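K.L.:
got a structure for you, letters missing:
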Ligand code: SF4
């Protein structure tokens, strides 16, 4: 299949749904790691089409949502430094930290600018040689290679007023942390499509090997997701957990080796703080010492007081799959897309935003 319509073909969807209904004999819980999957599942109404015995849970796969309040508070403190421009993606502007958001900091006079890519941040640095420019770098393995490329570009150009605050996070360690915590009993994982395009489906073999849980990598169209669900149901029914690739047009077993090499050249694996999961070993990317000149945390050390989560917000529980967004007492009341309380309602990839947008409550 080559065209989007083919991945939304009603007849093919119906045949696959029939196969899933016929194959499914027991209650199972599947977690989609990726916020993009949550949105696709709700947008296409897939939850209602599946057997009620199959429960789909959102996971921690929204990079804006998993950014810890402490890190956001540090970014806001950096933004208030004199002669500094802080750049970041649009969704990050509205996420509330302990004392407000980057948007609030901008309203108070800080020079915070929204960019669409790291290249935009580089352009701002070139255009403002007398000021320091920080790029607040969030995202999973999908985004990190592009940021690594920007650091290499800045180095090649001799840009000495550009640095990044790396809050990049790695997905497999977060999945491990959820499984180790044992709060939710999962039967299978719908693996993230874009991330796995970079890291390769081999990166998920620890799920069946160490936890006895099957994983199926999915794209973002209805047939992609349903094929992954069928693969998971089939593996559960056979008692034969493995990694299945239902996104072969994009994902290879070894992933994108060029992107991985670029990431490894610039970054080293380090601990990272996740909203909802706390500090997770080997789940972050910090700049290697060779690139210290581009490390905003070394160039602009700022102290922040202990950070607070928004009162009453259950984003941490949502990100761990412990509750579904409508179970948060603030959902669709105090917290709406127009007036978000937590990051899961702010971000375009957030689970609460998806439930609110597609009317599932
Ligand atoms: S509804 Fe709002 S407050 Fe509740 S978990 Fe979602 S984002 Fe957080």
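P.N.:
That came through, no problem. Values in this document were obtained by computation on a predicted structure and should not be read as measured data.
K.L.:
Nearest to the ligand: which residue in the stretch 201-350 of the chain?
P.N.:
residue 342 (2.6 Å; CB to the nearest ligand atom). (C-beta placed from N, C-alpha, C; glycine too.)
K.L.:
Please name the residues that touch that residue.
P.N.:
65, 96, 309, 310, 313, 314, 315, 330, 335, 352 (CB atoms under 8 Å, 6 or more residues apart in numbering).
K.L.:
one more time with 6 Å, if that's ok
P.N.:
The contact partners of residue 342, by CB atoms under 6 Å, 6 or more residues apart in numbering, come to 310, 313, 315.
K.L.:
now swap in residue 281 and tell me
P.N.:
Contacts of residue 281 (CB under 6 Å, 6+ apart): residue 271.
K.L.:
Got phi/psi on it?
P.N.:
phi -60, psi 140 (degrees, to the nearest 10).
K.L.:
same thing with residue 245?
P.N.:
phi -110, psi 100.
K.L.:
and what of residue 82?
P.N.:
Residue torsions, per degrees, to the nearest 10, at residue 82 are phi -70, psi 150.
K.L.:
For the residue in the stretch 1-150 of the chain positioned nearest to the ligand, grab the count of nearby residues.
P.N.:
Here the residue of the stretch 1-150 of the chain nearest the ligand is residue 65; by CB to the nearest ligand atom that distance is 8.2 Å. Neighbours of residue 65 under the rule other CB atoms under 10 Å: 29.
K.L.:
any idea which element it lies in?
P.N.:
Per DSSP states H and E: residue 65 is located in neither a helix nor a strand.
K.L.:
Next up, the contacts around the residue nearest to it when sequence neighbours are not counted.
P.N.:
The shortest distance from residue 65 to any non-neighbouring residue, by CB to CB, 6 or more residues apart in numbering, is to residue 343 (4.4 Å). The contact partners of residue 343, taken as CB under 6 Å, 6+ apart, are 64, 65, 95, 315.
K.L.:
and with 7 Å instead?
P.N.:
Going by CB atoms under 7 Å, 6 or more residues apart in numbering, residue 343 touches 64, 65, 95, 275, 315, 350.
K.L.:
of those, the lowest pLDDT goes to which?
P.N.:
Ranked by pLDDT, these bottom out at residue 95, which scores 90.
K.L.:
Pretty sure residue 64 is one of the things that one touches, is it not?
P.N.:
Yes - using CB atoms under 7 Å, residue 95 is in contact with residue 64, at 6.0 Å.
K.L.:
okay, and the common contacts of those two?
P.N.:
343, 346.
K.L.:
For the longest helix along the chain, enumerate the helices and strands it packs against.
P.N.:
If you go by DSSP state H, the chain has its longest helix at helix 222-238. Applying 3 or more CB pairs under 7 Å, 6 or more residues apart in numbering; DSSP states H and E, we find helix 222-238 packed against helix 10-23, strand 28-34, helix 35-43, helix 46-49, strand 188-191, strand 215-218, strand 243-246.
K.L.:
Can you tell me which of those is nearest to residue 305?
P.N.:
helix 35-43 (29.5 Å; CB to CB).
K.L.:
can you tell me if the closest one touches the ligand.
P.N.:
No - Helix 35-43 is not in contact with the ligand by CB under 6 Å from any ligand atom; minimum separation 12.3 Å.
K.L.:
outside of that helix, which residues touch it?
P.N.:
Under CB under 7 Å, 6+ apart, the answer for helix 35-43 is 32, 47, 56, 58, 61-62, 190, 218, 220, 225, 349-351, 354-355, 358, 360.
K.L.:
Out of those, which end up buried?
P.N.:
The neighbour-count criterion (16 or more other CB atoms under 10 Å) marks 32, 56, 58, 61-62, 190, 218, 220, 225, 349-351, 354-355, 358 among the contacts of helix 35-43 as buried.
K.L.:
Quick one: mean pLDDT over the longest helix of the chain.
P.N.:
Computed over helix 222-238, the average pLDDT equals 96.
K.L.:
for that helix, which positions count as buried?
P.N.:
222-236.
K.L.:
and the angle from that helix to helix 35-43?
P.N.:
Angle, helix 222-238 to helix 35-43, by axes from the mean of the first three to the mean of the last three CA atoms, to 10 degrees: 100 degrees.
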